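Trainee: What follows is a protein structure lacking sequence information:
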């Protein structure tokens, strides 16, 4: 969750009070627990945001109740247009243990998931470094080959972040990152953004038919516009446009989405209406499976 109800976790001006307000809105909307996501930026900027969230978690009981950890998404991702998604290309870099350690230190023990591109961690050194510290390592915003994925899995990679997104609209018909990950779906936990925009529901149905429900997590990838409706918003210093269908984009860019404006209650209703999932199956995807993933090291 990149933000919520007007609060941007990736704002350079994020405050402890804003983190509290976001948690108030999340609690009001029925969230039991979330991971706050900090995305790719220059190292100092990421450190500042992580420290703010960690401080809020330390001093505020409501934040501790709602934010169960931090997801660091980047900066060790694929910088190629399409694969980089909405992340700032100028801040993308190869994986380095020293930089990763500085981000972990800033997060003060709250880091639960790190998303990186296995091809940006060629010796899987950062993957092993994180896995040894009982942090879930997830591939994402990547174009890793099957060999690179398997090598990373041997070093502790256990998840894939929002499959079907963070990739170009045009790829090889068969040998592409979506097909490679689906071929490994018995070994990887796979997350999908469940808003019906990032992955159309007919495609999500196909994915779930392939993977089954036991190793799938449905996420919001929510940004500050979540729950606020159509409009113009500021996120990480850039303007975001949200249309009536809930599609989030930068002005003039019709190619890539910028997070999601959906809330989890909205997604849960659509999973029932469009996919015919029952209450138990929905809870498995949005609550039970992510809890099991995060609790595997506890």
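Mentor: Looks like it arrived, so ask away. Predicted model only: the values in this text are computed from it and were never measured.
Trainee: Could you use CA atoms for every contact and neighbour count after this?
Mentor: Noted.
Trainee: Retrieve the pLDDT associated with residue 188.
Mentor: Note on residue 188: pLDDT of 97.
Trainee: number of nearby residues for it?
Mentor: 20 (other CA atoms under 10 Å).
Trainee: got the contact list for it?
Mentor: Residue 188 makes contacts with 158, 159, 160, 181, 215, as judged by CA atoms under 8 Å, 6 or more residues apart in numbering.
Trainee: ok, now how distant is residue 94 from residue 59?
Mentor: Shown here: residue 94 relative to residue 59, a distance of 34 Å by CA to CA, to the nearest Å.
Trainee: neighbour count winner among these two?
Mentor: residue 94 (18 against 11).
Trainee: hmm, back to that, list just the nearest of the contacts of residue 188 to residue 85.
Mentor: Lowest distance from residue 85 to the contacts of residue 188 (CA to CA) belongs to residue 160, with 15.2 Å.
Trainee: Quick check: bridge partners of that closest one?
Mentor: Taking DSSP bridges, one finds residue 139, residue 190 as the beta-bridge partners of residue 160.
Trainee: hang on, the earlier thing: pick out the one among the contacts of residue 188 with the largest number of neighbours.
Mentor: Among the contacts of residue 188, residue 159 has more neighbours than the rest - 26 neighbours, counting by other CA under 10 Å.
Trainee: quick one: that residue from residue 195, how far?
Mentor: 20 Å.
Trainee: What of residue 75?
Mentor: 25 Å.
Trainee: higher neighbour count, these two?
Mentor: The residue with more neighbours, out of residue 75 and residue 195, is residue 75; 32 against 26, by other CA under 10 Å.
Trainee: Not counting residues beside it along the chain, what's closest to that one?
Mentor: residue 40 (4.4 Å; CA to CA, 6 or more residues apart in numbering).
Trainee: Give me the pLDDT for the one you found.
Mentor: 97.
Trainee: ok, residue 68 - how many residues close by?
Mentor: Residue 68, neighbours per other CA under 10 Å, totals 17.
Trainee: what's the helix or strand it falls within packed up against?
Mentor: Here residue 68, judged by DSSP states H and E, is contained in strand 67-73. In terms of contacts (3 or more CA pairs under 8 Å, 6 or more residues apart in numbering; DSSP states H and E), strand 67-73 is packed against strand 34-39, strand 111-116.
Trainee: From residue 226, how far off is residue 48?
Mentor: Using CA to CA, residue 48 is found at 23 Å from residue 226.
Trainee: Who has more neighbours out of those two?
Mentor: residue 226 (25 against 19).
Trainee: Now the phi/psi pair for the more buried one, please.
Mentor: When quoted as degrees, to the nearest 10, the phi and psi of residue 226 stand at phi -60, psi 130.
Trainee: now do residue 167
Mentor: The phi and psi values for residue 167, taken as degrees, to the nearest 10, are phi -150, psi 160.
Trainee: wait, doesn't it sit right on residue 86?
Mentor: No: using CA atoms under 8 Å, residue 167 makes no contact with residue 86, being 10.6 Å away.
Trainee: Compare neighbour counts for those two and give me the winner.
Mentor: Higher neighbour count among residue 167 and residue 86: residue 167, with 23 against 18, using other CA under 10 Å.
Trainee: Show me where the stretch 101-250 of the chain has its helices.
Mentor: Ranges of helices within the stretch 101-250 of the chain are 125-132, 146-154, 177-183, 201-211, based on DSSP state H, counting those that start in this stretch.
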